[in-house]
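Novice: Fold the following for me, if possible:
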Amino acid sequence: MKPTMLLVLFLSGVSAQGCSIYKAATAPPPVEVERVRVGSDRTDVISVFGTPRLTEVTDGQRTDMFEFISGLHQASKSRILLYIAGDFFTLGLSELVFWPLELAVLDGKEGRAVATYGSDNTVQTVKITTKDGKPWEH
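Specialist: This next block holds a predicted model:
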């Protein structure tokens with residue numbers, strides 16, 4: 001391998017140092033989608049999924065569409081210790097492995113939820129899917 005290529009790899013690793021640590025530290029918690037079901041109150045749905053991305057009212061019936069990211073359990077953040085050790089012992093080159101791993105596998109699962117409410121603001125129907133439309137699996 002040419003010395004310039006080694007230098008580029010080294011500088012890439014050093015400049016990316018800490019990126020996987022930041023990504024792991026700011027990862028979203030899991031979303032408790034099982035708490036939302038027919039009969040739930042609208043405020044409960046919002047407490048699970050956050051602010052609706054879109055709200056429509058048609059013929060007196062409200063429909064909310066949510067987009068969310070369900071991450072890993074907070075205990076999984078202990079991987080930060082591995083990232084710190086890897087960065088220390090490899091002078092940042094471990095980021096070439098840890099950063100893509102964070103982005104590809106440990107970033108969380110994107111989902112959508114559509115909830116329709118009755119006049120009393122309780123859920124009449126709810127559909128939870130992955131962002132690409134496949135059924136959500138717990």
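Novice: and stretch 69-86, which residues are buried?
Specialist: Across stretch 69-86, burial judged by 16 or more other Cβ atoms under 10 Å covers 69, 70, 71, 72, 79, 80, 83, 86. Where C-beta positions appear, they are placed from N, C-alpha and C, glycine not excepted.
Novice: bridging residues for the second one?
Specialist: This points to residue 70. With DSSP bridges applied, the residues forming beta bridges to residue 70 are residue 109.
Novice: in this protein, which spans are strands?
Specialist: 54-58, 61-70, 109-117, 123-130 (DSSP state E).
Novice: so which of those gets nearest residue 24?
Specialist: Ranking the strands of the chain by proximity to residue 24 (Cβ to Cβ) places strand 61-70 first, at 14.3 Å.
Novice: Mind giving me the packing neighbours of the closest one?
Specialist: On a contact count with 3 or more Cβ pairs under 8 Å, 6 or more residues apart in numbering; DSSP states H and E, strand 61-70 meets helix 42-49, strand 54-58, strand 109-117.
Novice: what about 6 Å?
Specialist: When contacts are defined as 3 or more Cβ pairs under 6 Å, 6 or more residues apart in numbering; DSSP states H and E, strand 61-70 packs onto strand 54-58, strand 109-117.
Novice: Tell me what angle the longest one forms with strand 123-130.
Specialist: Our comparison of strand 109-117 with strand 123-130, counting by axes from the mean of the first three to the mean of the last three Cα atoms, to 10 degrees, yields an angle of 160 degrees.
Novice: contact partners of strand 109-117?
Specialist: 42, 45, 49, 62-70, 123-131, 136 (Cβ atoms under 6 Å, 6 or more residues apart in numbering).
Novice: got it, and stretch 34-43?
Specialist: Outside stretch 34-43, the residues that reach it (Cβ under 6 Å, 6+ apart) are 45, 48, 117, 121, 122, 123, 126.
Novice: Nothing else from me, thank you.
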